[in-house]
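Participant: Everything below, folded, please.
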Amino acid sequence: MLEKIFKLKEHNTNVKTELTAGVTTFIVMAYIIAVNPAILSSTGMDASAVLIATCLVTFIGTILMGLMANLPFAISAGMGLNAFFAYTVCGSMGYPWQVGLLAVLIEGIIFLIIALTPVRRWIFESIPLSLKQAITVGIGLFIAFIGLQNGGIVIDGEKLVTSIDIKVNFHTAGICALLAILGIITAFVLHIKKIPGALLLSVIVTWGAGIVMQAAGVYVPDPAAGYASLYPQFGITDFSTLGNTFGKCFDVDFSTLSISGFVMVVISFLFVDFFDTMGTLIGVSMKAGMLDKKGNLPKVKHALAANSIAISSGAVMGCSTTAPFVESAAGVSAGGRTGLTAISTAFLFLISMFFAPVLTSIPSFATAPPLVVVGFLMFGGVTDIKFSEDNWLSAVPAYICILVMPLFYSISEGISLGIISYVVLHLFCGKRRELNPVIIVLAILFTLKYFFI
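Facilitator: Sure thing, here's the model as predicted:
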């Protein structure tokens, strides 16, 4: 039955590999269960309700991704987008969180329209192959950077970022960074030796080592400073709280809304979400060999539709806008190639609602190793980009795209500046006939975004 639904043999995989990949994806992105409520609760939303909504929308979006598109990607509340919701829309712009949810709902409907019309194919196919290759590499660096941050190895510094001094606060930050480094080495060794489930094992080994360090008194919890106990925490989720956010997107006083401001909020959500989604689909799919000879993803329509449904359903339940998670690359690197990977991840998120305290106790330094390894694997695609002098018109935009993603902390910004630079260079170097109309329109829209959004 599973073979018939997911075509496992056709994708050179099996049930065991797919399930392992699903667990791996879940482990490296389970942090969203704790992080999303922490961010959205700053708007006045009930944290417990947001936690339940986050798990539910992840289940819905990810299982639809698996069944509709047969792709191994997980969908959940997008990082960055949740911060925009909380700190910009509800913070500096002053909108109530109910209005923010309404904007997300409308965005989801527009997203679905785009997914079901030729617009999504025009956009996807207009992106040059060199930029698609660059997106993969840029996401690799972005993932690795996130991993190093999660591990506490890279921290804020006078020059934006710096490496941690393990001698300072050794029993908290210092030991966490050392454990992350241990985990990264372990992950690479296991991967090089081709041990099944290497990335998942690295998480377990790293967390286990942390528990031993706490038991030995080397790691000393300091909750006030953000360093919780590494021992698993047990508890049951209060499901009745979901009523505090469910359907509240319809509870809006329209007389208080600024129509122009509200429209800009919807457009902002749509712009960032769409190109974050496209970037993740392109980058991870290319690494997994899922793109066709023209560099296009055959199931992109279904993948975008799955995300649009997740966006809208999340708005109704009380969750910020969703997107395919870049951490899905960890599951792909673990061998995931079909929707069975996504479905296994989806059910783990559904189950996690009942045991959220246990899962949120997985320390961030333990999830860092898989991200760094996956970043390395995706970075290997840089050799596919031709950097010779006769290809500079394509290579320079690819370079900009790669550079921007980790430095600007945004996949969509990398795509935006990559496309703008691609069009500008072709225009000024007398190669405008090589540009298709869609990419010119995209470059104009991206440029306008920096002035009006």
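Participant: CA atoms for contacts and neighbours, from now on please.
Facilitator: Will do.
Participant: Would you map the helices across the stretch 251-400 of the chain?
Facilitator: Secondary structure of the stretch 251-400 of the chain (DSSP state H, counting those that start in this stretch): helices at 259-288, 300-317, 328-333, 339-352, 356-359, 364-379, 392-408.
Participant: Pull stretch 112-132 out as CSV, backbone CA atoms only.
Facilitator: Extracted C-alpha coordinates of stretch 112-132, given in CSV (Å, rounded to 0.1, in the frame of the first residue of the first chain):
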residue,chain,number,x,y,z
LEU,A,112,-3.9,29.5,-2.9
ILE,A,113,-5.0,31.5,-6.0
ILE,A,114,-1.4,31.9,-7.1
ALA,A,115,-0.7,28.2,-6.5
LEU,A,116,-3.6,27.1,-8.7
THR,A,117,-3.0,29.5,-11.6
PRO,A,118,-0.2,29.7,-14.2
VAL,A,119,1.4,32.6,-12.2
ARG,A,120,3.3,30.1,-9.9
ARG,A,121,4.7,28.3,-13.0
TRP,A,122,5.7,31.6,-14.6
ILE,A,123,7.6,32.7,-11.5
PHE,A,124,9.2,29.3,-10.8
GLU,A,125,10.4,28.8,-14.4
SER,A,126,11.6,32.4,-14.8
ILE,A,127,14.3,32.0,-12.3
PRO,A,128,17.6,31.2,-14.1
LEU,A,129,19.3,27.9,-13.4
SER,A,130,22.4,29.6,-11.9
LEU,A,131,20.2,31.4,-9.3
LYS,A,132,18.4,28.1,-8.5
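Participant: Only the buried residues of that stretch, if you could.
Facilitator: 112-115, 120-121, 124, 126-132 (16 or more other C-alpha atoms under 10 Å).
Participant: ok, and what's touching it?
Facilitator: If you take C-alpha atoms under 8 Å, 6 or more residues apart in numbering as the criterion, stretch 112-132 is touched by 278, 282-283, 294-296, 301-302, 304-305, 308-309, 385, 394-395, 397-398, 401, 415, 418-419, 436, 438-439.
Participant: still on that earlier bit, can you lay out the buried residues of stretch 112-132 as JSON lines showing distance to residue 150 and secondary structure?
Facilitator: Output for the buried residues of stretch 112-132, formatted as JSON lines (distance: C-alpha to C-alpha, whole Å; DSSP: H, G, I helix; E, B strand; the rest coil):
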{"residue": "112", "distance to residue 150": "33", "secondary structure": "helix"}
{"residue": "113", "distance to residue 150": "36", "secondary structure": "helix"}
{"residue": "114", "distance to residue 150": "35", "secondary structure": "helix"}
{"residue": "115", "distance to residue 150": "33", "secondary structure": "helix"}
{"residue": "120", "distance to residue 150": "34", "secondary structure": "helix"}
{"residue": "121", "distance to residue 150": "36", "secondary structure": "helix"}
{"residue": "124", "distance to residue 150": "32", "secondary structure": "helix"}
{"residue": "126", "distance to residue 150": "35", "secondary structure": "helix"}
{"residue": "127", "distance to residue 150": "32", "secondary structure": "coil"}
{"residue": "128", "distance to residue 150": "33", "secondary structure": "coil"}
{"residue": "129", "distance to residue 150": "32", "secondary structure": "helix"}
{"residue": "130", "distance to residue 150": "30", "secondary structure": "helix"}
{"residue": "131", "distance to residue 150": "28", "secondary structure": "helix"}
{"residue": "132", "distance to residue 150": "27", "secondary structure": "helix"}
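Participant: and the strand or helix carrying residue 211, what other elements does it pack with?
Facilitator: Under the criterion of DSSP states H and E, residue 211 resides in helix 198-215. For helix 198-215, the elements it packs on are helix 15-29, helix 175-192, helix 364-379, judged by 3 or more C-alpha pairs under 8 Å, 6 or more residues apart in numbering; DSSP states H and E.
Participant: TSV for those helices, including distance to residue 151 and mean pLDDT?
Facilitator: Putting the helices and strands packed on helix 198-215 into TSV (distance: least, C-alpha to C-alpha, whole Å; pLDDT from 0 to 100) gives the following:
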stretch	distance to residue 151	mean pLDDT
helix 15-29	12	93
helix 175-192	5	95
helix 364-379	4	87
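Participant: To residue 74, which of those lies closest?
Facilitator: helix 15-29 (7.6 Å; C-alpha to C-alpha).
Participant: mean confidence score for the very next helix or strand once past that closest one?
Facilitator: Once the chain leaves helix 15-29, the next helix or strand it forms, by DSSP H and E, is helix 32-40. Taken as a whole, helix 32-40 carries a mean pLDDT of 85.
Participant: same check, this time on stretch 132-146
Facilitator: Here the average pLDDT along stretch 132-146 is 88.
Participant: on that earlier part again, from the helices and strands packed on helix 198-215, pick the one with the highest average neighbour count.
Facilitator: Per-stretch averages of neighbours, counted by mean count of other C-alpha atoms under 10 Å, single out helix 364-379 among those, with a mean of 27.
Participant: If I take it and helix 15-29, what angle do their directions form?
Facilitator: 120 degrees (axes from the mean of the first three to the mean of the last three C-alpha atoms, to 10 degrees).
Participant: helices or strands next to helix 364-379 in the packing?
Facilitator: Packed against helix 364-379 by the contact rule (3+ C-alpha pairs under 8 Å, 6+ apart) you find helix 15-29, helix 129-150, helix 175-192, helix 198-215, helix 328-333.
Participant: pLDDT score assigned to residue 63?
Facilitator: Model confidence at residue 63, given as pLDDT, is 97.
Participant: should've said residue 398
Facilitator: Residue 398 is assigned a pLDDT of 96 by the prediction.
Participant: Please apply the same query to residue 360.
Facilitator: pLDDT, residue 360: 67.
Participant: what does residue 410 give?
Facilitator: 83.
Participant: And the host helix or strand of residue 62, what does it pack against?
Facilitator: Element membership of residue 62, judged by DSSP H and E, is helix 47-64. Here helix 47-64 touches helix 32-40, strand 75-77, helix 300-317, helix 339-352, going by 3+ C-alpha pairs under 8 Å, 6+ apart.
Participant: JSON lines for the helices and strands packed on helix 364-379, including distance to residue 342?
Facilitator: Output for the helices and strands packed on helix 364-379, formatted as JSON lines (distance: least, C-alpha to C-alpha, whole Å):
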{"stretch": "helix 15-29", "distance to residue 342": "6"}
{"stretch": "helix 129-150", "distance to residue 342": "19"}
{"stretch": "helix 175-192", "distance to residue 342": "22"}
{"stretch": "helix 198-215", "distance to residue 342": "16"}
{"stretch": "helix 328-333", "distance to residue 342": "9"}
